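**Student:** sequence unavailable; structure follows:
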């Protein structure tokens, strides 16, 4: 399952979650206000959100367009 690190109130995160919901894409959201998820995100060498990880494919990206493209392909 895709993991999406987000932050409440962040426009890019909110817009991305809307796209996922509109396209009925399955993902697990990890809100970085939770210190555990923030530490996980930092473990990827990243501090900015949104950030997506596909642990099965060893793929990650913080580029919104790449997240949408990857998630759309992943859904099929």
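**Tutor:** Cool, the structure landed. Please read all numbers here as calculations on a predicted model, not as lab measurements.
**Student:** lowest-confidence helix or strand of the chain?
**Tutor:** Lowest on mean pLDDT, DSSP states H and E among the helices and strands of the chain sits helix 64-74, with a mean of 91.
**Student:** could you list every helix and strand that that one packs against?
**Tutor:** strand 2-6, helix 11-22, strand 51-54, strand 59-61 (3 or more Cβ pairs under 8 Å, 6 or more residues apart in numbering; DSSP states H and E). Glycine gets a C-beta too; all of them are placed from N, C-alpha and C.
**Student:** for the third one, the averaged confidence score.
**Tutor:** Here strand 51-54 scores 97 as its mean pLDDT.
**Student:** re earlier: now the helices and strands packed on helix 64-74 as a markdown table including mean neighbour count and distance to residue 41?
**Tutor:** Listed next are the helices and strands packed on helix 64-74 as a markdown table, based on neighbours: other Cβ atoms under 10 Å; distance: least, Cβ to Cβ, whole Å:
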| stretch | mean neighbour count | distance to residue 41 |
| --- | --- | --- |
| strand 2-6 | 21 | 5 |
| helix 11-22 | 14 | 12 |
| strand 51-54 | 21 | 6 |
| strand 59-61 | 16 | 10 |
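**Student:** didn't residue 10 look like it was pressed against residue 49?
**Tutor:** Yes - contact criterion Cβ atoms under 8 Å: residue 10 and residue 49 qualify, at 6.2 Å.
**Student:** shaky segments in the protein?
**Tutor:** Confidence mapping of the chain against pLDDT under 70 gives the ranges 75-76.
**Student:** excluding chain neighbours, what is closest to residue 5?
**Tutor:** The shortest distance from residue 5 to any non-neighbouring residue, by Cβ to Cβ, 6 or more residues apart in numbering, is to residue 51 (4.3 Å).
**Student:** please disregard the earlier target; I meant residue 38.
**Tutor:** The shortest distance from residue 38 to any non-neighbouring residue, by Cβ to Cβ, 6+ apart, is to residue 32 (4.4 Å).
**Student:** ok, that neighbour to residue 55 distance?
**Tutor:** Note on residue 32: its distance to residue 55, by Cβ to Cβ, to the nearest Å, is 17 Å.
**Student:** please apply the same query to residue 4.
**Tutor:** Distance, residue 4 to residue 55, using Cβ to Cβ: 12 Å.
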